[in-house]
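Peer 1: my questions are about this predicted structure, shown below with the sequence.
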Amino acid sequence: MTPQLLRYFTRRSVKSGEKRKLVSVEKDGVRWYDRTELDSYDRYLRDPWPRNAGAQRPHLPAKIREEIMLEAAGACPVCGHETTGEAAHIDPVAKTRSHHPANLIWLCPTHHSVVDRVRVAHNVKMETIRVLKEVLVDRKLRLLNLERAASSGFLQLIRQVEKLSAMIADTDLAEAKQGLETIVDVDVTALKTAAGKLAATHSKSANDGPAAPLRALASSVAQSIKKVNRSRHGSLNEFVVDAASARARYLEETGQVECPVCSGKGVHNGNECPACGGEAALNEQAASRIDVAEYENVDCPLCKGSGRRNGEDCPECGGEGEFERRFLERVDLSAYEKINCPVCDGKGRRDGRWCEACDGEKTMERRFAHQIDRSDYQDVDCPLCVERGKDTECPVCDGEFRIEGRYANRIDLADYRDVDCKLCAGSGRVDHEDCPACGGEGAMERHTYNNIDWSEWDVVECPKCEGKGHIRHDDCRACGGEGTMYRHQTWYLD
């Protein structure tokens, strides 16, 4: 995801009716994100999004739509159309009920279906759509890397143009040729700008300084890319040959080689290459120590490559069925073995009822058993009765005076303390009568207060008499001649 989207997710909750935001830490003016939190939030975005009442699909935030448009530079990657476009779901939203950016791509109306039950694209294979999405994400990563590190970002941008050139020549992607040519036009422009800036910036350095190889590479690319013109057949291929030669000279002069894991792309399995850190190249000694086999995908040992376990996505591979070999040692298969439930000791029942810890199954996987604190299931004094005194009508313990520790730990005693009623401001009276919200008490427990939608008590114009208080010279029966009523009273009018 782009830095702009991360900032947006940090400041705004994107799912209707939910409050979760991406957690970050500000330090010395820099925003930091924890990898575990990023992974957790990514899964949260992939989970189904709630729909507003009456809506057929979840609301798509404008910021996500804008980012998808910018990702494609406002052009349909299939045909290059730039006038109008839509954020389209690669996997139908009716199936995923999610607006995760990874499942969205900018398409023109011709190549997008507004009916979720129909495949997203018309006149183009879905495999092509997925490839184009990968290209757009790949390009965005390279441009971000160019901003972060001049040398590695520049090498990656060259690689992007080379990759697009090969895709344009690929007959399997012929249907997307126009779109790919539009994408490469954008990248060629970016490469021209970057090459010019690097050549100018480093021209002030000494010829024998460390900047000399980068300057030579940038100058070579700047000269070669000037000749690229879509109208001149073969010009892009000529640039690719020249760029490959210039890049090879640069790596040799700087004592580097292409990263053996990502083959000089800076990206591995859709993410920043873990071997070179997205740099696309590294010194020969570091490259010689890399075991490429550790980065190859292998079947998940838990689900045996199926991606499914007990009818759900496999918890180790996330439903992918595979992961890189280097992660194998993290998998502890013994954590998935069934053992007796530690709460009911494998009996399935406790205190005459089904055991809630194992749902009466008697056993559970070891990983879940290790998370259970048996003291959570032991009875403790009801905290509300301790504060108020024993009450046979206690709303927490139902007059039992004891509850399990896991329930006691969730209780906030402040929720059971009285606060002033909002409608009557604590007076207990509204229009010389008992307050209808608090029954004239003037106060209520905080949990009751918080569960009330106070907008339901807003005074609104009577819809029957339109605020006049009468209908044909008679008092309005709906509002009793007042002309107004509480909002929730309008719901019951015919």
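Peer 2: Nice, I can see it.

Peer 1: please enumerate the helices of the stretch 151-300 of the chain.
Peer 2: For the stretch 151-300 of the chain, applying DSSP state H, counting those that start in this stretch gives helices covering 177-202, 212-225, 235-253, 284-288.

Peer 1: show me what the shortest one is packed against.
Peer 2: On a contact count with 3 or more Cβ pairs under 8 Å, 6 or more residues apart in numbering; DSSP states H and E, helix 284-288 meets strand 256-258. For the C-beta atoms, the positions are set from N, CA and C on the backbone; glycine is no exception.

Peer 1: the strand it packs on - contacts with which helices or strands?
Peer 2: In terms of contacts (3+ Cβ pairs under 8 Å, 6+ apart), strand 256-258 is packed against strand 281-283, helix 284-288.

Peer 1: now distance to residue 76 and mean pLDDT too, for the helices of the stretch 151-300 of the chain, in TSV please.
Peer 2: Putting the helices of the stretch 151-300 of the chain into TSV (distance: least, Cβ to Cβ, whole Å; pLDDT from 0 to 100) gives the following:
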stretch	distance to residue 76	mean pLDDT
helix 177-202	6	84
helix 212-225	25	87
helix 235-253	20	89
helix 284-288	39	89
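
Peer 1: quick one on the thing from earlier: and the helices and strands packed on strand 256-258, which is most packed in?
Peer 2: Most buried of the helices and strands packed on strand 256-258, by mean neighbour count (mean count of other Cβ atoms under 10 Å): strand 281-283, with a mean of 19.

Peer 1: what packs against that one?
Peer 2: Under the contact definition 3+ Cβ pairs under 8 Å, 6+ apart, strand 281-283 sits against strand 256-258.

Peer 1: one step back: pipe the helices of the stretch 151-300 of the chain into TSV and attach distance to residue 414 per row.
Peer 2: Listed next are the helices of the stretch 151-300 of the chain as TSV, based on distance: least, Cβ to Cβ, whole Å:
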stretch	distance to residue 414
helix 177-202	56
helix 212-225	62
helix 235-253	64
helix 284-288	57
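
Peer 1: of all those, which lies closest to residue 311?
Peer 2: When the helices of the stretch 151-300 of the chain are compared by Cβ to Cβ, helix 177-202 sits nearest residue 311, at 39.4 Å.

Peer 1: the residue nearest to residue 476 when sequence neighbours are not counted: what's it in contact with?
Peer 2: Spatial nearest neighbour of residue 476, excluding adjacent residues (Cβ to Cβ, 6 or more residues apart in numbering): residue 465 at 3.8 Å. Residues in contact with residue 465 (Cβ atoms under 8 Å, 6 or more residues apart in numbering) are 471, 476, 478, 479, 483.

Peer 1: domain parsing for this structure?
Peer 2: With domains defined by automatic domain parsing, the chain comprises 37-49+57-284, 296-331, 336-372, 379-411, 412-452, 459-494.

Peer 1: just so I know, which of the ones you listed lies nearest residue 15?
Peer 2: Closest approach to residue 15 among those (Cβ to Cβ): domain 37-49+57-284, 5.1 Å.

Peer 1: and the closest one, how far from the chain's centre?
Peer 2: Per Cα atoms, centre = their mean, to the nearest Å, the displacement of domain 37-49+57-284 from the mean C-alpha position of its chain is 21 Å.

Peer 1: and if you look at stretch 333-349?
Peer 2: Worked out by Cα atoms, centre = their mean, stretch 333-349 lies 34 Å from the chain centre.

Peer 1: mind checking the end-to-end distance for that stretch?
Peer 2: By Cα to Cα, to the nearest Å, the extent of stretch 333-349 from end to end equals 28 Å.

Peer 1: ok, back up a step: inside strands: which ones of the contacts of residue 465?
Peer 2: In strands, judged by DSSP state E, the following of the contacts of residue 465 are found: residue 471.

Peer 1: ok, and the most crowded of the contacts of residue 465?
Peer 2: Tallying neighbours with other Cβ atoms under 10 Å puts residue 479 at the head of the contacts of residue 465, with 22 neighbours.

Peer 1: residue 82 is in contact with residue 74, correct?
Peer 2: Yes - shown here, residue 74 and residue 82 form a contact pair, counting by Cβ atoms under 8 Å, at 5.6 Å.

Peer 1: ok, residue 27 - contacts?
Peer 2: So residue 27 contacts nothing (Cβ under 8 Å, 6+ apart).

Peer 1: check what pLDDT it gets.
Peer 2: Note for residue 27: predicted pLDDT of 75.

Peer 1: please renumber the chain so that the first residue is 208 from this point on.
Peer 2: All set: I'll call the first residue 208, so the last point we hit is now residue 234.

Peer 1: and the pLDDT for residue 621?
Peer 2: 93.

Peer 1: how many other residues sit next to the residue nearest to it when sequence neighbours are not counted?
Peer 2: Among residues not flanking residue 621 along the chain, residue 653 sits closest, at 6.1 Å (Cβ to Cβ, 6+ apart). Residue 653 has 16 neighbouring residues, counting by other Cβ under 10 Å.

Peer 1: pretty sure residue 653 is touching residue 622, no?
Peer 2: Yes - using Cβ under 8 Å, residue 653 makes contact with residue 622 at a distance of 5.0 Å.

Peer 1: so what touches stretch 622-633?
Peer 2: For stretch 622-633, the external contacting residues (Cβ under 8 Å, 6+ apart) are 591, 594-595, 602-603, 635, 637, 642-645, 648-654, 656-657, 659, 661, 664.

Peer 1: in the chain, where is pLDDT below threshold?
Peer 2: Segments of the chain classed as low confidence (criterion: pLDDT under 70) are 235-236, 319-331, 348-357, 408-418.

Peer 1: ranking the domains of the chain by burial, who's on top?
Peer 2: Most buried of the domains of the chain, by mean neighbour count (mean count of other Cβ under 10 Å): domain 244-256+264-491, with a mean of 18.
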